[in-house]
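Asker: when you get a sec, could you give me coordinates for this:
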Amino acid sequence: MRIVFASGNRGKYREMKAQLEPIGVELLFGGDMEGPHEIEETGETYADNALIKARAWAEATGLPALADDSGLEAEALGGLPGVHSARIVEGSDADRTRWLLGELADKEDMRGRFACAIAVVMPGGREPLVVTRYCPGVIIREPRGESGFGYDPVFIPDGFDKTFAELGDETKNKISHRALAVKGIAEMLRAVIE
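Answerer: Numbers count the residues shown, from 1 in each chain. Model prediction:
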């Protein structure tokens, strides 16, 4: 089954491709295709935003489309940055991380969780597949590590003493919010493929 990944984010693409190939999904990289690359994410939930992107790509390409939306939720900030994680402030990942750490500077509670929703929209009006998963942990005050992207350098998942940016792809691809969501969507897709 060929599915287009409705994003130009190569890091996310690599994570998902590795997990979907074993079930018979050929994931095509949206960044290499003509498609609706600038989609306004107006949803109130991660699932809403994933569906908006997947629908737009399925309509544009005529192929099944997979999209995700993810974010970091800080308990002390009432769940912010949440669905606005990638655009809470203009600029780079480092700028957004600085904003987060600035907001948490006077807070004691550093608990948080990463969330990820994945949606697959099939052409022809079939019911979309949607799954949302979470990875709880702690936000730290100083970035650590070189791998990953986004808020990875300031998030330590429960049960570990390293940030996502220090753990490396192999471990992260087993335990992260996105890994758990991909596992969930893979189970749903396996039923469709069979």
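
Asker: L27 is in what secondary structure piece?
Answerer: Using DSSP states H and E, the element containing L27 is strand 26-29.

Asker: and that strand, what's buried?
Answerer: Neighbour counts over strand 26-29 (16 or more other Cβ atoms under 10 Å) mark L27, L28 as buried. From N, CA and C alone the C-beta is placed, and that goes for glycine too.

Asker: repeat that for stretch 132-147.
Answerer: Neighbour-count burial for stretch 132-147 flags T132, R133, C135, P136, G137, V138, I139, P143, G145 (criterion: 16+ other Cβ under 10 Å).

Asker: dihedrals phi and psi, the spatially most central residue of the chain?
Answerer: For the chain, the residue sitting closest to the mean C-alpha position, by Cα atoms, centre = their mean, is S70 at 3.8 Å. The main-chain torsion angles of S70 are listed as degrees, to the nearest 10 and equal phi -140, psi 170.

Asker: any idea of the mean pLDDT for the strand holding L27?
Answerer: Taken as a whole, strand 26-29 has an average pLDDT of 96.

Asker: partner strands of it, with direction?
Answerer: Paired neighbours of strand 26-29 in the sheet (DSSP bridges): strand 2-5 (parallel).

Asker: which of the residues in the partner strand are buried?
Answerer: Across strand 2-5, burial judged by 16+ other Cβ under 10 Å covers I3, V4, F5.

Asker: now the last one: how far from L100?
Answerer: Taking Cβ to Cβ, to the nearest Å as the criterion, F5 is separated from L100 by 27 Å.

Asker: what do you get for T61?
Answerer: Applying Cβ to Cβ, one obtains 35 Å for the distance of T61 from L100.

Asker: and these two? Which one has more around it.
Answerer: For T61 versus L100, neighbours defined as other Cβ atoms under 10 Å are more numerous around L100 (23 against 20).

Asker: thought V154 was touching that one, still the case?
Answerer: Yes - using Cβ atoms under 8 Å, L100 is in contact with V154, at 7.0 Å.

Asker: identify the contacts common to these two.
Answerer: Common neighbours of L100 and V154 are listed as I139 (criterion: Cβ atoms under 8 Å, 6 or more residues apart in numbering).
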